[in-house]
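*Asks:* Need coordinates for the below:
(one chain, ligands or ions: 2)
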Amino acid sequence: MNRKFKKNILCIGAGYVGGPTMAVIAAKCPEYKITVVDINEQKINDWNSGNIPIFEPGLEEIVNQVKNKNLFFSTNIEKGIEQADIIFVSVNTPTKTFGEGAGKTADLQYWEKTARSILQASRNDKVVVEKSTLPVKTAEAMERILNSGDDNINFQVVSNPEFLAEGTAIQDLLNPDRVLIGSRETPEGIKARKQIVEIYRHWIPVHKIITSNIWSSELSKLVSNAFLAQRISSINSISALCEKTGADVEEVAYSVGSDSRIGDKFLSASVGFGGSCFKKDILNLVYICESYGLYEVAEYWENVVKINEFQEQRFVRNISKAMFNTIANKKITLFGFAFKANTGDTRESAAIYVTRELLAEHALVTITDPQALDNAKIDLKDHIQQLSFESDPYQAAVGAHAIAVLTEWDVYPKLDYQRIFDSMEKPAFIFDGRNILDHRKLFEIGFNVYPVGKPHLNHF
Ligand code: UDX
Ligand code: ADP
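*Replies:* Ligands and ions are numbered 1, 2, ... in the order given. Model (predicted):
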């Protein structure tokens, strides 16, 4: 074992959570050796070669500071496990697509596989930390697997859910609202929890480190995401009503959010929320509630997802309706494909649904995005012949009948819309799914403008 370092920390899973989290821990804890492993060899090569596999502002700088000093990327999972004192598990937990709980609960096969690898390769006691979002009681299942061996090795499972949001991951890790650490409340459990607290104490004030029992910690992560998503669905549902009544959803959100009991964050109406967490975590919550017979509670939360689907459908319907109920053979350019700005991630992006629906209506779709075109091509591989991809938004808009803004990238409000208008077919339409453009100015240029939750501005 490498004794140059005080402790060996391993992270299994080098993705959006594992990579940035370990880079920040390495930067803040120089006396710990951090190794990140992954089954995906290409991903590890990318981390090692400096061609970082995810786009995250500020990440590259931090990785460059610590890589090969106390942060290492490797495919040797077994060796990593053997040498580790603490193992963070941040492998993916997609929603199950088959069997019981299909479409709702998490597919735990990656987790179980990881638990078995940990059991097989371990020669001494370990603290195993759940980093990925998991259904409540997964820690218990983990413990059962880990303690099924005949060796006298003690495994303590701790839950330390990650609250970082993509696009702001580094800031969120450096300055989180809170860090949550749940463990069993036995002497061994408390001892394990302390080891994790010790890591975060390097840069997080003690009052921001919340400790709890393991199930509260697991559930808090699901509930945090459910509450955030619920706010978006709440304002999105009101955006539909605003469009009917002539109210302006931004004015409503501002007034409502000015009440300090409600708060002003996460009240931006949009084409719908995406990302790898919200839908998955809510459906997980729904499944748990159903499995305990709490059908009313399950239904309450499921509606957050249903409103999101309704919002995506409404957006496409509005496009079609505004363009005289026929979009066949009309070029529609999507500004943005990522599920939010400042990331190349497209998991559950509303843009995927919108593109599919537009193609079903035989529209000619062109997609532009500063970071997400590679992922977009993978998401839409079944339709690749019917699509065009273009990194320059001006080029993407040439000859289009309509532009639909799907991601709130900073660049889009700054473009020269007179130039864009001049290159488009007339009448030219803009559907602003993020309410980021200057609608009045666009209207004056000649566009027919359709924001979300605001009166539309058209010339006929
Ligand atoms: C979320 C949680 O914020 C984070 O704490 C958790 O760890 C992981 O899940 P993330 O999915 O990365 O993070 O992004 P987030 O900023 O929460 O946005 C999620 C989606 O909601 C995006 O599609 C975003 O565009 C949308 N959104 C957000 C809105 O439509 N309106 C808003 O007001 C805020
Ligand atoms: P997240 O957003 O939760 O970080 P990602 O998909 O970005 O999700 O990252 C999860 C990573 O976990 C992927 O790189 C995947 O290859 C890796 N992974 C999945 N299963 C295993 C496993 N059994 N051992 C090691 N790595 C794994």
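*Asks:* residues near the residue in the stretch 201-350 of the chain that ligand 1 sits nearest to, how many?
*Replies:* Going by CB to the nearest ligand atom, ligand 1 is nearest to G275 of the stretch 201-350 of the chain, at 2.9 Å. Every residue, glycine included, has its C-beta placed from N, CA and C. Applying other CB atoms under 10 Å, we find 23 residues neighbouring G275.
*Asks:* Surely it and K340 touch.
*Replies:* Yes. Counting by CB atoms under 8 Å, K340 is a contact partner of G275 at 6.8 Å.
*Asks:* Contact residues of the chain facing ligand 1?
*Replies:* 162-166, 225, 228, 232, 266-268, 270, 273-275, 277-278, 339-340 (CB under 6 Å from any ligand atom).
*Asks:* The residues you listed in helices, which ones?
*Replies:* Among those, the members falling in helices (DSSP state H) are N225, L228, I232, F278.
*Asks:* Now for the nearest residue to P455 once chain neighbours are set aside, how many residues are close by?
*Replies:* Excluding its sequence neighbours, the residue lying closest to P455 (CB to CB, 6 or more residues apart in numbering) is G246, at 5.6 Å. G246 has 8 neighbours, counted by other CB under 10 Å.
*Asks:* repeat for T186
*Replies:* 10.
*Asks:* Next one: it relative to ligand 2, how far apart?
*Replies:* Distance from T186 to ligand 2, counting by CB to the nearest ligand atom, to the nearest Å: 28 Å.
*Asks:* and if you look at N51?
*Replies:* 15 Å.
*Asks:* Sticking with that residue, tell me its helix or strand.
*Replies:* Using DSSP states H and E, N51 falls within no helix or strand.
*Asks:* quick one, what contacts P135?
*Replies:* Counting by CB atoms under 8 Å, 6 or more residues apart in numbering, P135 makes contact with T105, A106, L108, E218, L222, N284, Y287, I288.
*Asks:* Over to Q371?
*Replies:* Applying CB under 8 Å, 6+ apart, the residues contacting Q371 are F55, A338, T343, G344.
*Asks:* Quick check: the second one touching T346?
*Replies:* Yes. Applying CB under 8 Å as the test, A338 and T346 come out as touching, 5.7 Å apart.
*Asks:* Touching both of these two, which residues are there?
*Replies:* Here A338 and T346 share the contacting residues A372, N375, scored by CB under 8 Å, 6+ apart.
*Asks:* Who has more neighbours out of those two?
*Replies:* Remark: of A338 and T346, A338 carries more neighbours, 29 against 26, as counted by other CB under 10 Å.
*Asks:* Output the below-cut-off pLDDT ranges for the chain.
*Replies:* Applying pLDDT under 70 to the chain flags the ranges 1-3.
*Asks:* In it, which residue is most central in space?
*Replies:* G275 (3.6 Å; CA atoms, centre = their mean).
*Asks:* Now, of the residues of the chain next to ligand 1, which are buried?
*Replies:* 162-164, 166, 225, 228, 232, 266-268, 270, 273-275, 277-278, 339-340 (16 or more other CB atoms under 10 Å).
*Asks:* near ligand 2 too, which of these?
*Replies:* Near ligand 2, by the rule CB under 6 Å from any ligand atom, you find none of those.
*Asks:* buried stuff in stretch 118-137?
*Replies:* In stretch 118-137, counting by 16+ other CB under 10 Å, buried: 118-119, 121-122, 126-136.
*Asks:* which two in these are spaced the farthest apart?
*Replies:* Within the buried residues of stretch 118-137, two members stand farthest from each other by CB to CB: A121 and V136, at 27.5 Å.
*Asks:* For L59, list the residues it contacts.
*Replies:* L59 touches G19, P20, A23, I52, A169, I170, counting by CB under 8 Å, 6+ apart.
*Asks:* What's the local residue count around K67?
*Replies:* So K67, with other CB under 10 Å, has 16 neighbours.
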